[in-house]
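K.L.:
what shape does this take:
(3 chains)
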Amino acid sequence: MSSRWYPIYQRGNPQLRVFLPNFWMKLVRPEEAQPPNVVTFSVSTEMTIHDVRSYLEKIYKLPVIDVRTRIALGETRRDQTYGYVTKKDDVKYAYVTLPKTEEFTFPELFEKKAEIKEKEEKSMDESKNGFRKFLDRNKKRPGTPGWYSI
Amino acid sequence: MLKLTRVNQLRASYIRFVAQATSATSNEYSCQPEYPPIRDLTHKALKRREANDWHEEIRKVPTVEEKIIKVNMPRYYGYKVVDFNDNKIPYNALPVTQHYTRTVLKELPLLSADETETSEFSSVAFLKTARDDIIDALELAHDFYNHQATLPDVAPSDSVNRERQLTQIIVEQLNRALLQILSADYPHLNDVEVDYNPRHEAFWAVGGVDPPKNVVKSKKGRDWQKDDASESVDRLVQYTGAPYLSLRHRQQLCPWMTDGESKIMDPHARHLPRFNHDARTLGYRTSYQHAVNVPGYWPSANGANFGLLSFQSRASLQMRHKAYGDRDLQEALHALAIKSSYAWLLAQANYNGFNTYNDLTYPMNTQTVITNGREWSFYEYQLNTLLLHSNQVNENPRVNFCRGTPPLPLYAEISEKGKCRPRRLELPEIYLWEKLWRSTIRLEPWRRNDDSLSWN
Amino acid sequence: MSTILKKCFNLAKTVRTATITSLLTAPKQQWQALSAAASQTPHAQMMHTSPMRHGLMEFFDDPKHWSENDIKVGRAWRTDELRIKSNKELHQLWFILLKERNMLLTMEHECNDKMEIFPSPERIDKVKISMDNLEKVVRERNTAYHLLETGETGERPQKRVNNAFGLQVNYKSCEHVLPPFMNLKWIKSRNIGFGGRAVNRFLLKYREQLYNAKRKAKNRSRNEVMMILRRNPNFDLEVLRRKFPDVDIDKLRSADKARGHYVPKVGV
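P.N.:
Numbering: from 1, shown residues only, chains lettered A, B, ... in the order given. I've put the predicted structure just below:
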């Protein structure tokens, strides 16, 4: 039996167990404000509410209270030139409620990025200025090597 | 004679005309200039004034039906409402229920066994007879239920409906038995009207909710509205419920909170929670619906227009996931009691001429019992205000009150032979409202702002 | 060595062995108690591991990588490396890879949302390759086990059948509650077999197309061989035979077209 081929389930049979689950879940930033104990996930479209619950409880050891899911329709867009219609994939969102004592705010991942970029740009500007100065200094004596000066 | 009266009339009218002419000239000038009041012409103030005018118009409309039609007229397909029904109570629903009904909740402690015995009510002699009657009623109800369970057409398949069926029988039997026993000592019980499975619906507006994403986006797109983009908006709520049974009477219950206690300036002082997020984040649904207010009966001029007691179902609560925790059931019961009591009182108030935009002039009371046949929780509710819309949620000094007990078991078990083993038979608790009964002043429900209706 | 590999090697052996085994045996256990027990495992203090993140923060990368432009990682797991692992280790590794993939997808999504560049996107491919390889190894073991025990591979049975257009398709069998002769719905839906004038005409033309394609391919290789022989009369025939096994090279050597534009030396 391959790892992706399960026997048909009939009532009374032992519960089916997935040994190598290949569902994915993404934690996404909520579009609208929601209570701090609610987390939004984007999940594989074929996942059910029970799948989401046991996935988080068993793999991530999270205390899950409640799960609600919806399938968001992918955007359709008409091509400007040729007029054909394209559609993005549908996405399933799972809204997972944790106990009300838990709090989760989506972290700001790129807070420091601006600082670092500024610092890099600054050093780049400095080196540019240095090179420009060097060029200015040697403008009047073309062909002379750089070391030939005070 | 005729001529004389004619002359007198003419003279009188001449004198009136002259007097008016002189007063007009004298009033044309004054030493202090009198300017008309300066009106705030900002967009926000304009909108607020429009809304106030509309609320005033609704208030002035003479009959209740016209008021409801007036509220519903602007929307052909109805309003987008939060579906607040008595079946769906999501996890952690208490704060949102308290915010949406402006209710302060107080949990009453459980009476211990000896306290119950010493209370004056249980010493009444008829308790002995009532006890036997209640046991009989319970046994009868279970017998009937067991009989129905054997019938393939009647027996429901799922546990929720099974509980509903059993509780319906128990509540009806108990109510019948208690009314029979108690009406001898309490003659007003002869006038009580009983409604079986009535329809309770109520519609109201709640302010202080965060605006949805599309509203924020559209406002941010306009320069002059940019600053108000995240200003809170109103959410409309429609409650739908069907209790097992409700009792009503000509006269209403007397309030248990005084006027002074009902007024507070600072809502935080009373632990009034706010739930600013969309109710859908908790699991509520929204739908499009016209505003409907139904108290479960057709009100008539001198009829039994005041609710005393309603028996609510907790059958849907048994489907809750066990991960919700131990405390969850209690909170769900509180939330159910608050919203069903508020909605029923609002529907009653609606037929007395009030609605979500025109506030009450006197408090209204009801009592709610939530039961599954065995466990009984008792709640009292006092409705002081209906104004929750727009910024009234911050400004309105009045709050509503609810107090209640945790679930109390009525009996320990029913044996296989159909014998009931009562456990601390809580008769006084069940008909607690007997004690609270007072005949109050006769209220004129159809007329508002009458002196006789004033608050005190 | 990459972060993934490090995790796989170290964590699988020490910390996560504890967590995952207890996950398998006692799935109902509370998460706090579980992670506390894991952090107290003595091996965890001896081995150097990347810090354990708990709960929802497992969906995010290490905070020190958040503002990086480039994250150094190693290669994917190879099949050979996976073949020497035990079943249990593979099972643990699968969940580590699964979490890693979820983390990477989360980070990618957030980067796209915030219009930032997702650092080292090849990490996702590496995890995917590792997972594919792992599944392949598990499948091999399954097959071997079934062959040993039952004499069959244990794979999903499939066969070639003709569909309604008379074309061959792969039919994958599946389990049914009802036996075939009772399962009318299945009999109707399967509808194997073809016929009718339209289908026959279609098949005629379709086969003609296939025949033409084959014929043209044959001619093309024949011509190619002749052109090669015309330009290079002393070409290595063994190479030609190997490259064009369908072409009769000896016959073509004497063909008219294979002769160059020169007068053949006769009788020398």
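K.L.:
quick one: the nearest residue to A:Asn13 once chain neighbours are set aside from A:Val18, how far?
P.N.:
Ranked by Cβ to Cβ, 6 or more residues apart in numbering or on different chains and with sequence neighbours excluded, the top spatial neighbour of A:Asn13 is A:Pro7, at 7.8 Å. To be clear about C-beta, it is placed using only N, CA and C from the backbone, and glycine gets the same treatment. Computed as Cβ to Cβ, to the nearest Å, the A:Pro7 to A:Val18 distance reads 12 Å.
K.L.:
same drill for these two, tell me which one is more crowded.
P.N.:
More crowded of A:Pro7 and A:Val18, by other Cβ atoms under 10 Å in any protein chain shown: A:Val18, with 14 against 10.
K.L.:
can you give me the strands in the chain?
P.N.:
Picking chain A for this. With DSSP state E as the criterion, chain A has strands at A:25-27, A:38-43, A:66-72, A:76-78, A:85-87, A:91-97.
K.L.:
my bad, chain B
P.N.:
Assigned by DSSP E, chain B shows strands spanning B:79-85, B:103-107, B:193-196, B:200-209, B:233-241, B:245-249, B:285-289, B:306-313, B:364-371, B:375-383, B:400-404, B:408-409, B:411-414, B:420-422.
K.L.:
since we're on the residue in chain A positioned nearest to chain B, how many residues are nearby?
P.N.:
Taking Cβ to the nearest Cβ, chain B has its nearest neighbour within chain A at A:Gln34, 4.0 Å off. A:Gln34 has 18 neighbours, counted by other Cβ under 10 Å.
K.L.:
who are the contact partners of it?
P.N.:
Contact analysis of A:Gln34 by Cβ atoms under 8 Å, 6 or more residues apart in numbering or on different chains lists A:Thr40, A:Tyr95, B:His277, B:Asp278, B:Thr281.
K.L.:
pLDDT score assigned to it?
P.N.:
At A:Gln34, the model reports a pLDDT of 94.
K.L.:
for A:Phe106, see how far away it is.
P.N.:
Here A:Gln34 is placed at a distance of 11 Å from A:Phe106 (Cβ to Cβ).
K.L.:
can you check B:Trp54 too?
P.N.:
40 Å.
K.L.:
biggest helix in chain C by residues?
P.N.:
helix C:197-231 (DSSP state H).
K.L.:
in chain C, which residue is closest to the centre?
P.N.:
C:Asp132 (6.2 Å; Cα atoms, centre = their mean).
K.L.:
what strand or helix carries that residue?
P.N.:
helix C:122-150 (DSSP states H and E).
K.L.:
close to chain A, is that helix?
P.N.:
Yes. Interface with chain A: helix C:122-150 contributes C:Met131, C:Leu134, C:Glu135, C:Val138, C:Arg139, C:Asn142, C:His146 (Cβ under 8 Å from any Cβ of the partner chain).
K.L.:
who touches the residue in the stretch 351-456 of chain B that chain A sits nearest to in this structure?
P.N.:
Per Cβ to the nearest Cβ, B:Val393 is where the stretch 351-456 of chain B lies closest to chain A, at 17.6 Å. Under the criterion of Cβ under 8 Å, 6+ apart, the contact list for B:Val393 reads B:His99, B:Arg102, B:Val206, B:Gly207, B:Gly208.
K.L.:
now do it, the pLDDT please.
P.N.:
Residue-level confidence at B:Val393 comes out at 88, pLDDT.
K.L.:
kindly report the same for B:Glu172.
P.N.:
With respect to pLDDT, B:Glu172 has a value of 93.
K.L.:
next one: B:His249
P.N.:
pLDDT, B:His249: 85.
K.L.:
again with C:Ser22
P.N.:
Model confidence at C:Ser22 (pLDDT) stands at 37.
K.L.:
and which of the residues of helix C:122-150 next to chain A is nearest to chain B?
P.N.:
Ranked by distance to chain B (Cβ to the nearest Cβ), the residues of helix C:122-150 next to chain A are led by C:Met131 at 30.2 Å.
K.L.:
show me what contacts that closest one?
P.N.:
Shown in contact with C:Met131 (Cβ under 8 Å, 6+ apart): A:Asn22, C:Trp94, C:Leu97, C:Leu98, C:Arg101.
K.L.:
quick one, which of the residues you listed are buried?
P.N.:
By neighbour count, with 16 or more other Cβ atoms under 10 Å in any protein chain shown, these hold C:Trp94, C:Leu97, C:Leu98, C:Arg101 as buried.
K.L.:
buried set for the helix or strand hosting the second one?
P.N.:
It stands for C:Leu97. Counting by DSSP H and E, the element that carries C:Leu97 is helix C:87-113. By 16+ other Cβ under 10 Å, the buried positions in helix C:87-113 come out as C:90-111.
K.L.:
with stretch B:243-258 instead?
P.N.:
Using 16+ other Cβ under 10 Å as the test for burial, stretch B:243-258 gives B:Pro243, B:Tyr244, B:Leu245, B:Ser246, B:Leu247, B:Arg248, B:His249, B:Gln251, B:Gln252, B:Leu253, B:Pro255, B:Met257.
K.L.:
do stretch B:361-379 as well
P.N.:
For stretch B:361-379, by 16+ other Cβ under 10 Å, it's B:361-374, B:376-379.
K.L.:
ok, stretch B:384-396 next?
P.N.:
Neighbour counts over stretch B:384-396 (16+ other Cβ under 10 Å) mark B:Asn384, B:Thr385, B:Leu386, B:Leu387, B:Leu388, B:His389, B:Ser390, B:Gln392, B:Val393, B:Asn396 as buried.
K.L.:
and what of stretch B:186-196?
P.N.:
B:Leu189, B:Val192, B:Asp195.
K.L.:
what's near enough to touch the second one?
P.N.:
The reference is to B:Val192. Contacts of B:Val192 by Cβ under 8 Å, 6+ apart are B:Leu179, B:Leu247, B:Arg248, B:His249, B:Ala304, B:Leu308.
K.L.:
quick check, the lengthiest helix in chain A touching chain C?
P.N.:
Counting residues, the longest helix in chain A under DSSP H turns out to be helix A:113-137. Yes. Helix A:113-137 lies within reach of chain C by Cβ under 8 Å from any Cβ, at A:Lys113, A:Ile116.
K.L.:
A:Glu103 is in contact with A:Asn37, isn't it?
P.N.:
Yes. Proximity of A:Glu103 to A:Asn37 meets the contact threshold set by Cβ atoms under 8 Å, at 6.5 Å.
K.L.:
coming back round to it: pLDDT of the longest helix of chain A, averaged?
P.N.:
Across helix A:113-137, the average pLDDT comes to 91.
K.L.:
could you check how far the closest residue to B:Phe306 other than its chain neighbours is from B:His188?
P.N.:
Leaving aside its chain neighbours, B:Phe306 sits nearest to B:Gln252 (3.7 Å; criterion: Cβ to Cβ, 6+ apart). According to Cβ to Cβ, B:Gln252 and B:His188 sit 12 Å apart.
K.L.:
B:Pro109 too?
P.N.:
As for B:Pro109, its distance to B:His188 is 29 Å (criterion: Cβ to Cβ).
K.L.:
now do the helices in chain B.
P.N.:
B:2-27, B:43-60, B:64-72, B:94-101, B:113-118, B:126-150, B:159-182, B:213-220, B:259-262, B:327-351, B:392-395, B:427-430, B:433-436.
K.L.:
nearest to C:His261, out of the ones you listed?
P.N.:
Counting by Cβ to Cβ, C:His261 lies closest to helix B:213-220 out of the helices of chain B; the figure is 77.8 Å.
K.L.:
residues in contact with the closest one?
P.N.:
A:Glu31, A:Glu32, B:Pro211, B:Gln225, B:Lys226, B:Asp228, B:Ala229, B:Ser230, B:Val233.
K.L.:
what's around the first one, how many residues?
P.N.:
The criterion is other Cβ under 10 Å. On that basis, A:Glu31 has 10 neighbouring residues.
K.L.:
got the contact list for it?
P.N.:
The contact partners of A:Glu31, taken as Cβ under 8 Å, 6+ apart, are A:Thr40, B:Lys213.
K.L.:
give me that answer again for 10 Å
P.N.:
A:Thr40, A:Ala72, A:Tyr93, B:Lys213 (Cβ atoms under 10 Å, 6 or more residues apart in numbering or on different chains).
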